[in-house]
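> Curious how this folds, go ahead:
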Amino acid sequence: MAILIKDCSDPRLAEAIDSSWFEPFRIWGSTPYAQAYEDEYLKRMDFGYPNNYNGVFFARLTDKNIEEKINESLSHFRKRGLAMRWWVGPTSEPADLGNHLEAHGFVHTVAMPGMAVELDSINENLESIGFGRSI
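Residues are numbered from 1 along each chain as shown. This is a model prediction of the structure:
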């Protein structure tokens, strides 16, 4: 379920950004070969063919289930012969999730920023910044 944040000082902002990574893929992945998986601990997307977006998008793992969930996700993609990524965001748990993933062969590759803006603060005159002009 999407979280609607109206104020950028809301402490749930990082959670909304983290969980929003998965939402477009759930829609784009509604093909017969795609598989979206969600439980209370993670969100995983498998498009059924090789691409850079197969993987885990959101994880809140515990000390009791971290190995099981990492192995379960790796096994899923290995069975389908697909490479995968695991996105780790500011609300990912546990805090040392990256270390656990590296122990399973994952390599940290790139940091991707999340963005937010208070809509009331946007200048409504977009022509002043170069948008909406006729040439």
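> what helices or strands is the lowest-mean-pLDDT helix or strand in the chain leaning on?
Within the chain, no helix or strand scores below helix 22-28, which has a mean of 74 by mean pLDDT, DSSP states H and E. Helix 22-28 sits against strand 35-38, strand 42-46, strand 55-59, with contacts defined as 3 or more CB pairs under 8 Å, 6 or more residues apart in numbering; DSSP states H and E. C-beta: built from backbone N, CA, C; applies to glycine.
> how about CSV for the ones you listed, with distance to Val117 and mean neighbour count added?
Formatted as CSV, the helices and strands packed on helix 22-28 follow (distance: least, CB to CB, whole Å; neighbours: other CB atoms under 10 Å):
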stretch, distance to Val117, mean neighbour count
strand 35-38, 27, 14
strand 42-46, 24, 23
strand 55-59, 22, 23
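> Adding mean pLDDT and distance to Arg12, write those out as TSV.
Converted to TSV, the helices and strands packed on helix 22-28 look like this (pLDDT from 0 to 100; distance: least, CB to CB, whole Å):
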stretch	mean pLDDT	distance to Arg12
strand 35-38	88	19
strand 42-46	92	17
strand 55-59	90	14
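> now the ones you listed in TSV, with distance to Met112?
As requested, the helices and strands packed on helix 22-28 are arranged in TSV below (distance: least, CB to CB, whole Å):
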stretch	distance to Met112
strand 35-38	20
strand 42-46	15
strand 55-59	11
